[in-house]
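J.: Sequence and computational prediction follow.
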Amino acid sequence: MQSYESELMEKFLTALLSDTGDAPGRLLQYLCAIQHRYSYVSRSAVQILSDRLRMPAAQINAVVDFYAFLYTVPRGEFNILFSDSITDRMLDNISLLNSLCELLNIAPGVPRADNRVTVDVTSCTGICDQGPALLVNDQVISRLDDVRIQRISELIEAGTSLSEWPASFFMVEDNIQRRDNLLSAQISPGSAINTWREKGSDGVLKLLDQSGLRGRGGAGFKTASKWRFCKDTIADQHYVVCNADESEPGTFKDRVLLNTFANDVFEGMTLCAAVTGARKGYLYLRGEYRYLLRDLEATLQQRREANLLGDHISGQKDFSFDIEIHLGAGAYICGEESALIESLEGKRGIPRVRPPFPVTNGFRNQPTVVNNVETFVAAAKISVLGSEWFSATGTNESVGTKLLSVSGDCSRPGIYEYPFGTSIRQILDDCGANNVQAVQVAGAAGSTIPPGEFDRKICFEDISTGGSIIIFNGQRNLLDMVKNFAHFFCHESCGFCTPCRVGTPLMKDLVDKVVAGHATEYDLQEMRNIGQVMQQASHCGLGATAPNPVLETLEKFPHIYAQQLSSKTYEPAFDVDAAVEISRKLTGRDDPAAHIQEDS
Amino acid sequence: MSANDTFKLDGKDIPFQAGDTVMDAALRAGEYIPHLCHNPEFKPHGSCRVCVVEVNGRHLSACTLPAAENMQVDNNSAAIMDQRRSLLQMLFVEGNHICPACEKSGACQLQAVAYYTRMLSPHFSHFFPKRSIDAAHPDVVFYFNRWIVCGLCERASHEVDKKDVFSTSGRGINSKMIFNSATGKLGDTDLLLTDKAVSVCPVGAILPKHQGYEVPMGERLYVTLRICVVGDVHDKSHE
């Protein structure tokens, strides 16, 4: 007999699948919709999907279990996730989380029995300049403080629907502190497409070539070359993908670009489609930015109505292209382009073996351009304003400007656009940072820069970055950062390859041991050795860069470790007294003789 | 590319054909590159990283690396062997591998490769994960303790058996193996003892029931000859 719950689910899924077509490739999107509606993915939902999509249920369960934002037990009416990046920690998010849990009378991570609420933590939500932040269902609440926490608990207890919560809670400002070329120049919707009509694909590629534009995600591949490779690969279909899975801790520039410059992003994608011959594009939007989805869909709709998307764009008989937004569901690894493509295909986000690269064998094994949000904006503007407009700033190797996301200990956090070649010192001066101990550039996977290196410059030839800048003043314990990042990587490793899957928890445990004051020189050497194996043997960039925070600080900030070492030479691997705790409990003893004293 | 193209493996000339990986060419030439998740019958996976070799200072997995003329490949250097040993140790502490109590001992690739890399101890702190056994299938047992995330049963079930019984689920160190049945139990899947997915297992994670210790310890595959000579446990030549 079918239960009431699965009858409802059957109805919901029938509507969902008929709306968008029953493609197994859309699995993750279906799962996101189920999660959004029911606060979890039930067994009956999996069974129905399995039947309808003709997919093994185990494969569907494997996808559910991969993504942090998909749950197998109900999270309740309000699913609250505190952003738990180092910048949130610096703003004391944990005591706010604890007070909310106390007010709601729950433990973190455990759904409340009345199916009302769950409170938990999640990786960086990209609100670092306005933190501490949390996600409640698909909404963001920024600038948390005791007053807001108190109010949130009351609203939850009263069962007030999110739409009735104070609008001020959900305010996320762009917070642009410095504009340069890219953010100042405006282009009108359709103007880049006009350039393509006038100059043709080769003309556009020539412009991009001359401008020297390189990918803004951090790797810095020449954009013109990528588009040309894709265009020149003969295939049934070509695809354009915008990587808006901005997950590197401390990065939030894409949040701003998608919020205020969405037309430029879509213009760039459409230009890329015109050049490469793609008929379909995807914007892969990280689940944390789901709150931007409605406005982005509205912008897409406006562009369709203006004939800037859809069939025969701008009256061109041979040019039809549309953009679909795909949601991520809490997986840092999906920022890696081949994992992103796997996720776009509805699968677990496991990075592919490369070569072949996505530009020849990408989405559905077809040639695919995957570019960063900022790259598409730059490409659109270059095509309209010219290559000289773009190349007027920057360095020889790194032309143009870069958006930096500045957070941490400074008086003016936010978005700063600088010409490439700007020094760390300049950035610190401008954002009001004093007594700086270290700057973490490029996020958890990046480098830790000590004061002696503040004259180094942001550019591909010196410090390359997707844009994350986190500032630590002299009062901070840098080990807090190392610990936060070590736990982050352990949580975000996809688990495919041995060095990352096992290396990240080994590293995490050793960092915890250092923080607990139990480590020795031997453990530090262990961390170096494990780090080297991870750097050299990992399957993808996540594993290869995961030991960076440890290795960088071991090298440049050895004192933060030295002061934590309990003994230079030997420390037992485990606490003998703690190890017999289970026996004490079993025997009901707690007398002195049931404890093992350290030799004095 | 002609049929006579060669690359150097530890200084030795290895001929290769168009489309070969370094692993393909080495196997054909009878040269051993340690590996666990690779099986020539299946598409390269590149996940265990045990076959990582050094080419121009870069560490790349031999099973996914296209062979190229005049490539200089270091397979047996001290640095590569050290790295391999560390990877093996990671695999050992990740699960619960109690060799003396395992039916596969002596015919287990994980154990044999560990001996080959001169691994003498697990070195890292054991994770001691709590993992169970699925013994509900009439003919096959799955020991989660011995699972090494190589993906071979998953690939074999999909590509050869056309059943999709196995799926790697979860993420990171919380990865787990799940089975395609309503109960999640192996016994409720359509797996058969004769399936490729059962025989392909390089370790003792999947074992047939109703038999045990049929080959005495002293006569097992890797006891008589080292893995670099005798090859993989599932090679047809042993049967």
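T.: Looks like it came in fine. Numbers count the residues shown, from 1 in each chain, chains lettered A, B, ... in the order given.

J.: show me the contacts for the residue most central in space within chain B.
T.: In chain B, the residue lying closest to the centroid (CA atoms, centre = their mean) is B:L36, at 2.2 Å. Contacts here follow CB atoms under 8 Å, 6 or more residues apart in numbering or on different chains; on that basis B:L36 touches B:48, B:50, B:91, B:109-110, B:113, B:148, B:150, B:202. Glycine gets a C-beta too; all of them are placed from N, C-alpha and C.

J.: change it to 10 Å
T.: By CB atoms under 10 Å, 6 or more residues apart in numbering or on different chains, the residues touching B:L36 are A:498, B:45, B:47-51, B:87-88, B:91, B:109-110, B:112-113, B:148-150, B:152, B:202-203, B:232.

J.: Now it, what are its backbone angles?
T.: Note on B:L36: its backbone torsions stand at phi -130, psi -50 [degrees, to the nearest 10].

J.: ok, and the closest non-adjacent residue to it?
T.: Once flanking residues are discounted, B:L36 sits nearest to B:C48: 4.2 Å by CB to CB, 6 or more residues apart in numbering or on different chains.

J.: which stretches of chain B form helices?
T.: B:22-28, B:78-94, B:109-116, B:152-159, B:196-199, B:221-224, B:227-230 (DSSP state H).

J.: Which residues are in contact with the residue nearest the centre of chain A?
T.: Centrality entry for chain A: nearest residue to the mean C-alpha point is A:S247, 1.3 Å, by CA atoms, centre = their mean. By CB under 10 Å, 6+ apart, the contact set of A:S247 is A:123-126, A:254, A:286-288, A:328, A:330-336, A:443-444, A:466, A:492.

J.: Next to chain B, which bits of the stretch 301-450 of chain A? Give me the list.
T.: Proximity of the stretch 301-450 of chain A to chain B (CB under 10 Å from any CB of the partner chain) is limited to residues A:331, A:333, A:348-355.

J.: ok, so of those, who is nearest A:L551?
T.: Checking those against A:L551 by CB to CB gives A:I333 as the nearest, at 20.4 Å.

J.: didn't that closest one look like it was pressed against A:C494?
T.: Yes: A:I333 lies in contact with A:C494 (CB atoms under 10 Å); the separation is 4.6 Å.

J.: is the lowest-mean-pLDDT helix or strand in chain B anywhere near chain A?
T.: Every helix and strand of chain B was ranked by mean pLDDT, DSSP states H and E. The lowest is helix B:227-230, at a mean of 86. No: residues of helix B:227-230 contacting chain A under CB under 10 Å from any CB: none, with a closest distance of 18.0 Å.

J.: So what's the gap between that helix and the chain middle?
T.: Here the centre of mass of C-alpha atoms in helix B:227-230, compared against the chain's by CA atoms, centre = their mean, to the nearest Å, lies 14 Å away.

J.: List of residues touching it?
T.: Contacts of helix B:227-230 (CB under 10 Å, 6+ apart): B:30-35, B:76, B:107-109, B:111-116, B:221-222, B:224, B:233, B:237-238.

J.: Of these, grab the buried ones for PyMOL.
T.: The PyMOL command for the buried members of those (criterion: 16 or more other CB atoms under 10 Å in any protein chain shown) is given here:
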select buried, chain B and resi 31+32+33+34+35+76+107+108+109+111+112+113+114+116+221+222+233
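
J.: so which of the contacts of helix B:227-230 are also by chain A?
T.: Among the contacts of helix B:227-230, no residue is within reach of chain A (CB under 10 Å from any CB).

J.: returning to that earlier point: can you pull the buried residues of the least confident helix or strand of chain B?
T.: If you call a residue buried by 16+ other CB under 10 Å, then helix B:227-230 has these buried ones: B:227, B:230.

J.: Only alpha carbons, please: show that helix as PDB.
T.: Extracted in PDB, the C-alpha atoms of helix B:227-230 (Å, rounded to 0.1, in the frame of the first residue of the first chain):
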ATOM      1  CA  ILE B 227      53.700  -9.500  -7.500                       C
ATOM      2  CA  CYS B 228      56.200  -7.900  -9.900                       C
ATOM      3  CA  VAL B 229      56.700 -11.300 -11.500                       C
ATOM      4  CA  VAL B 230      53.400 -13.000 -11.200                       C
END
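
J.: tally of neighbours for B:G11?
T.: When neighbours are defined as other CB atoms under 10 Å in any protein chain shown, B:G11 has 9 of them.

J.: Hmm, B:Q72 and it touching each other?
T.: Yes: if you go by CB under 10 Å, B:G11 and B:Q72 touch, sitting 8.5 Å apart.

J.: Show me where chain B has its strands.
T.: Here chain B has its strands, by DSSP state E, at B:6-9, B:12-15, B:52-55, B:58-61, B:72-74, B:133-134, B:140-143, B:166-169, B:176-179, B:206-208.

J.: CSV for these, including mean neighbour count?
T.: Listed next are the strands of chain B as CSV, based on neighbours: other CB atoms under 10 Å in any protein chain shown:
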stretch, mean neighbour count
strand B:6-9, 18
strand B:12-15, 14
strand B:52-55, 22
strand B:58-61, 19
strand B:72-74, 19
strand B:133-134, 14
strand B:140-143, 22
strand B:166-169, 25
strand B:176-179, 21
strand B:206-208, 20
